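A.B. asks: Sharing a model that was predicted from the sequence below.
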Amino acid sequence: MTPTLQHAMKPELTVEETARGRFVSGIRSLILNDLAADMRAGYEKRAAPAFRRDHGRTPETSREAHLALRGDPAFNIYSAMRVQAQKMVWASVADIVERDLERMEAEAAKVADAPGSLTLDPSLDVPRNVDAIDVHLMPGSYTRGADTLEAGAVYDQGLAVFSMGLMGANLDDIGLSMARYVQGKYPEFQPRDILDTGCTIGHNTLPWKQTYPDARVEAIDAAPGGLRYASARAKMQGQDVHFRQMSADALDYPDESFDLVWSSMFLHELSKKTRAKAFAEAYRVLRPGGLMLHMELPPNDQMDAFDGFYLDWDSYYNSEPFYKGYRDESPPELCARAGFTEDDYIQFVVPSIGIYGEQAVADTIAAEEGEAVGQETTGRLAEGVMWFGFGAWKS
């Protein structure tokens, strides 16, 4: 079900617009649950046995699972429908945003003097992966509408349709789940300064301010329009957050100036070179005793061939060129190369707080479980989703 956003940027939808959003969400739910199950069955009954006959073994990697599935009818139906549904997500909100943009600008102006800040950098050379690629098949990507509210509004409304209610009413389930896990797992950790890198519209930034209300929270992104929207969105929810236009691989902050450096679903949109620089920068700006934490897709080396391919699908068919390259990397090695020690590495799988509830998060902590990926629903936006997190403490 498409959630109703809970802030003043929320448009007043017509009956037709509401029905259209629900229809697209329903199609996506069918694809990501029923058709995904059909594709798995096709893999197990047809594709993997055919591969075994040809190679004398079952597929061992995501790439081999992909090769085995190519041409299978279940794969063809799933992929064709998913691509079209992705395009429908953005088409379903474009007219809404165009109609409502003037009102949104007026609402943003009303909160201009509220706590929080926005600092744009016109001299910043916006990276090509932000500006020149229609990431997620999103027309205009993160810079559509230049520095207007358009890009942020399209992303916000589109993500509400895309997520089928699995990311919460304010699309903040990832941030809430992760923040509550960290707060419960490490009660002695009380960050004074928090940085969100690649924040987009700040939907997973705000939970950290809610969890640690006394902390100074800063959030950066390279796209100006999304930041304008993020700042107004945060202020409308009474959250004092400071948004700055900046690239994660070139942080304009002093050494050892943050206790927590965080990102959500960001690393897979960076090139390998940029990603390494972003990790090094996170290490540099962390204080001793600080935590670098990323919510991301689980890595291929911790998944079987089919489940690895299922997540890698986006790299081939959803205009996300760095997706598989990231998932083929090792999270512990990424941290180690940035300067973190092997003993300080952490990873966990946390239940979605919106689906399973706060008690499930507490139970995961109490049981000292959840380090291994181990579940089909980990990282998959489908019924029963679990979120994968990893990072390291700075000694």
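C.D. replies: Perfect, I can see it now.
A.B. asks: what's the longest helix in the protein?
C.D. replies: Identified as the longest helix of the chain according to DSSP state H is helix 73-110.
A.B. asks: What helices and strands are in contact with it?
C.D. replies: Here helix 73-110 touches helix 15-29, helix 36-42, helix 150-163, helix 224-236, helix 305-317, going by 3 or more C-beta pairs under 8 Å, 6 or more residues apart in numbering; DSSP states H and E. To be clear about C-beta, it is placed using only N, CA and C from the backbone, and glycine gets the same treatment.
A.B. asks: rerun at 7 Å
C.D. replies: Under the contact criterion of 3 or more C-beta pairs under 7 Å, 6 or more residues apart in numbering; DSSP states H and E, helix 73-110 touches helix 15-29, helix 36-42, helix 150-163.
A.B. asks: so which strand or helix has W387?
C.D. replies: Using DSSP states H and E, W387 maps to strand 386-393.
A.B. asks: tell me which strands and helices that strand is in contact with?
C.D. replies: Helices and strands touching strand 386-393, by 3+ C-beta pairs under 7 Å, 6+ apart, are helix 173-185, strand 286-296, helix 331-338, strand 345-351.
A.B. asks: if you set the cut-off to 6 Å instead, what comes out?
C.D. replies: Judged by 3 or more C-beta pairs under 6 Å, 6 or more residues apart in numbering; DSSP states H and E, the packing partners of strand 386-393 are helix 173-185, strand 286-296, strand 345-351.
A.B. asks: Where does pLDDT dip in the chain?
C.D. replies: For the chain, the stretches flagged by pLDDT under 70 are 1, 3, 369-371, 374-375.
A.B. asks: From V135, how far out is the spatially most central residue of it?
C.D. replies: Here the mean C-alpha position of the chain is nearest to the C-alpha of M265 (C-alpha atoms, centre = their mean), at a distance of 2.7 Å. M265 sits 11 Å away from V135, taking C-beta to C-beta, to the nearest Å as the criterion.
A.B. asks: about what we covered before: past the longest helix of the chain, which element shows up next along the chain?
C.D. replies: Next element after helix 73-110 (DSSP H and E): strand 117-119.
A.B. asks: From the rest of the structure, what touches that next one?
C.D. replies: By C-beta atoms under 6 Å, 6 or more residues apart in numbering, the surrounding residues in contact with strand 117-119 are S231, H242, F243, R244.
A.B. asks: Tell me which two in these are the farthest apart.
C.D. replies: Distances among the contacts of strand 117-119 were taken as C-beta to C-beta; the most separated pair is S231 and R244, at 9.8 Å.
A.B. asks: Just the ones of the contacts of strand 117-119 in strands?
C.D. replies: H242, F243, R244 (DSSP state E).
A.B. asks: of these, buried ones?
C.D. replies: Buried members of these, scored by 16 or more other C-beta atoms under 10 Å, are H242, F243, R244.
A.B. asks: Tell me if I'm right that Y345 and W393 touch.
C.D. replies: No: the criterion here is C-beta atoms under 6 Å, and Y345 misses it with W393 at 8.5 Å.
A.B. asks: And these two? Which one has more around it.
C.D. replies: Neighbours per residue (other C-beta atoms under 10 Å) separate Y345 from W393, with W393 holding more: 20 against 17.
A.B. asks: Look up how far K87 lies from that one.
C.D. replies: As for W393, its distance to K87 is 42 Å (criterion: C-beta to C-beta).
A.B. asks: How about G145?
C.D. replies: Applying C-beta to C-beta to G145 and K87 gives a distance of 19 Å.
A.B. asks: higher neighbour count, these two?
C.D. replies: G145 (20 against 14).
A.B. asks: So which bits of stretch 280-297 are buried?
C.D. replies: So, applying 16+ other C-beta under 10 Å, buried residues of stretch 280-297: 281-287, 290-297.
A.B. asks: For K87, which residues are in contact?
C.D. replies: Applying C-beta under 6 Å, 6+ apart, the residues contacting K87 are L137.
A.B. asks: before we move on, back to that, in CSV: the buried ones among the ones in strands among the contacts of strand 117-119, plus distance to G379.
C.D. replies: Formatted as CSV, these follow (distance: C-beta to C-beta, whole Å):
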residue, distance to G379
H242, 30
F243, 27
R244, 29
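A.B. asks: I'd like to know how far A112 sits from L118.
C.D. replies: Remark: distance between A112 and L118 (C-beta to C-beta) = 9 Å.
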